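Novice: this one's structure only:
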């Protein structure tokens, strides 16, 4: 059987490698280099604890595998060597999948078996690098063609290939949700996306950031990473502040249920900030009482003590409703609101230098509109362990980012493979 695997992360590699070991013909379409978000996170936060698992077929291919307890170790000792192995390189293809559909069958067209019609995977590649390389190698030939002709060769072209089965392993990490209520866009957010960092890309933005005020939307694991990555930055300058808004009644309540070092570090960071604020408030109370006790004519000449501000200001039970950027201001202005049914009606606008959004992730289903699919967004992965009503089409991985780990993914590989081989048999049988 011939199978298309879409994705570049660990589950895409594991799925493709397993099917290849079972003598299937596999093509792994990767939009970017293998490793996906794991590779990014390993470079940004290598010591982050990871509840990772390795597969029997992956270990068999690599032989000895080093210790794996952090995301850095998982990447360096397992996933990187796996992605660089010749067996994996042989079935990978660099290209962005644009859409997947049946060659001829419509969504609701009834036939004896929909598998009688192959899946068509339409993809594109960026030919610029190859063209530039050929121009350097054959300058005289390309000089005769003219500059306009050479530029036209660099334009991406759509290709297609047909397959018996298709497995979507893209996951959700590259499709973060916007900052508005219920996963929708806040007012003007779409127009100002270039000034906003979403999901794990926010960690890259933090590395380059050196201004004074940061606004974080959401209170999950990625937001915790934002906070901890900003810890040293926050301590370097007394004027620096972090604002965080969440629709949770208690910020990070779900995240703190985990007993990870990350949750412990964040609790410590928030506890230290609270302790510092309490100390400053105590000192302020003493100073304000001294100031009030002064004679009127003396008090008129003495500046009123400045009330302390929290370095980390958290707005719980709030939603971001609009984003604005004024032409004469460098700041981004965030408006947040809290309704009465959450306890108190409030509207507030805050001007900040950097906006980081981590309100969750969900799968992008747009490339599969020409097929029979069933994505239950109330569940964390597609119904029936990723087996869709379109025979031969599968989703491996989460469709919502809610505590879905590599171990769960490997279990899903087994379930999907079992379904696949109910349609086809191994070569040689």
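Specialist: Alright, I've got the coordinates. All values derive from a computational prediction rather than experimental measurement. Residues are numbered from 1 along each chain as shown.

Novice: Against which helices or strands is the longest helix belonging to the chain packed?
Specialist: For the chain, the helix that runs over the most residues, judged by DSSP state H, is helix 261-293. Counting contacts by 3 or more Cβ pairs under 8 Å, 6 or more residues apart in numbering; DSSP states H and E, helix 261-293 packs against helix 221-229, strand 312-316. C-betas here are computed from N, CA, C, even on glycine.

Novice: what's the closest of the ones you listed to residue 238?
Specialist: Between residue 238 and those, the tightest spacing by Cβ to Cβ is seen for strand 312-316, at 13.3 Å.

Novice: Show me which positions of the closest one end up buried.
Specialist: Buried residues in strand 312-316, defined by neighbour count with 16 or more other Cβ atoms under 10 Å: 312, 314, 315, 316.

Novice: same check, this time on stretch 119-129
Specialist: Neighbour counts over stretch 119-129 (16+ other Cβ under 10 Å) mark 119, 120, 121, 122, 123 as buried.

Novice: of these, closest to residue 45?
Specialist: residue 123 (31.4 Å).

Novice: domains of this structure?
Specialist: Residue ranges for the domains of the chain, per automatic domain parsing: 2-174+362-423, 181-357.

Novice: chain center to the helix or strand just after the longest helix of the chain: distance?
Specialist: Later in the chain than helix 261-293, the nearest helix or strand by DSSP states H and E is helix 296-299. Centroid separation between helix 296-299 and its chain, computed with Cα atoms, centre = their mean, to the nearest Å, is 58 Å.

Novice: who's in contact with helix 296-299?
Specialist: By Cβ atoms under 8 Å, 6 or more residues apart in numbering, the surrounding residues in contact with helix 296-299 are 291, 292.

Novice: heads up, I number from 45, so please use that
Specialist: Shifting the count to begin at 45 puts that one at helix 340-343.

Novice: model confidence over that helix, on average?
Specialist: The average pLDDT for helix 340-343 rounds to 91.

Novice: cool, stretch 456-473 as well?
Specialist: Mean predicted lDDT for stretch 456-473 stands at 79.

Novice: Buried residues in it, which are they?
Specialist: Quick answer for stretch 456-473 (16+ other Cβ under 10 Å): 456, 457, 460, 461, 463, 464, 468.

Novice: Check stretch 267-276 too.
Specialist: Across stretch 267-276, burial judged by 16+ other Cβ under 10 Å covers 267, 268, 269, 270, 271, 272, 273, 274.

Novice: out of these, who's nearest residue 183?
Specialist: residue 273 (46.4 Å).

Novice: mind listing what that closest one touches?
Specialist: Residues near residue 273 by Cβ under 8 Å, 6+ apart: 88, 89, 247, 250, 251.

Novice: Mind telling me which of the domains of the chain the model trusts least?
Specialist: Among those, domain 46-218+406-467 scores lowest, with a mean of 84.

Novice: Please compute how far that domain lies from its chain's middle.
Specialist: 16 Å.

Novice: do stretch 376-392 as well
Specialist: With Cα atoms, centre = their mean as the basis, stretch 376-392 stands 27 Å off its chain's centre.

Novice: residues in contact with it?
Specialist: The contact list for stretch 376-392 (Cβ under 8 Å, 6+ apart) reads 231, 236, 239-240, 259, 287, 289, 293, 359, 361-370, 393-399.

Novice: For PyMOL, write a command that selects the buried ones of those.
Specialist: The buried residues among the contacts of stretch 376-392 can be selected in PyMOL (16+ other Cβ under 10 Å) with this line:
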select buried, resi 240+259+287+289+359+361+362+363+364+365+367+368+394+396+397+398+399
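
Novice: Among the contacts of stretch 376-392, which are located in strands?
Specialist: Counting by DSSP state E, the contacts of stretch 376-392 place 240, 259, 287, 289, 359, 363-368, 393-396, 398-399 in strands.

Novice: Contacts only, for residue 438.
Specialist: Counting by Cβ under 8 Å, 6+ apart, residue 438 has contacts 209, 210, 211, 212, 426, 430, 431, 432, 460, 463, 464.

Novice: Distance-wise, check the fourth one relative to residue 124.
Specialist: I take that to be residue 212. Here the distance between residue 212 and residue 124 works out to 23 Å (Cβ to Cβ, to the nearest Å).

Novice: Over to the most centrally placed residue in the chain. Which of the three states is it?
Specialist: For the chain, the residue nearest the mean C-alpha position is residue 217 (2.8 Å; Cα atoms, centre = their mean). Following DSSP: H, G, I helix; E, B strand; the rest coil, the label given to residue 217 is coil.
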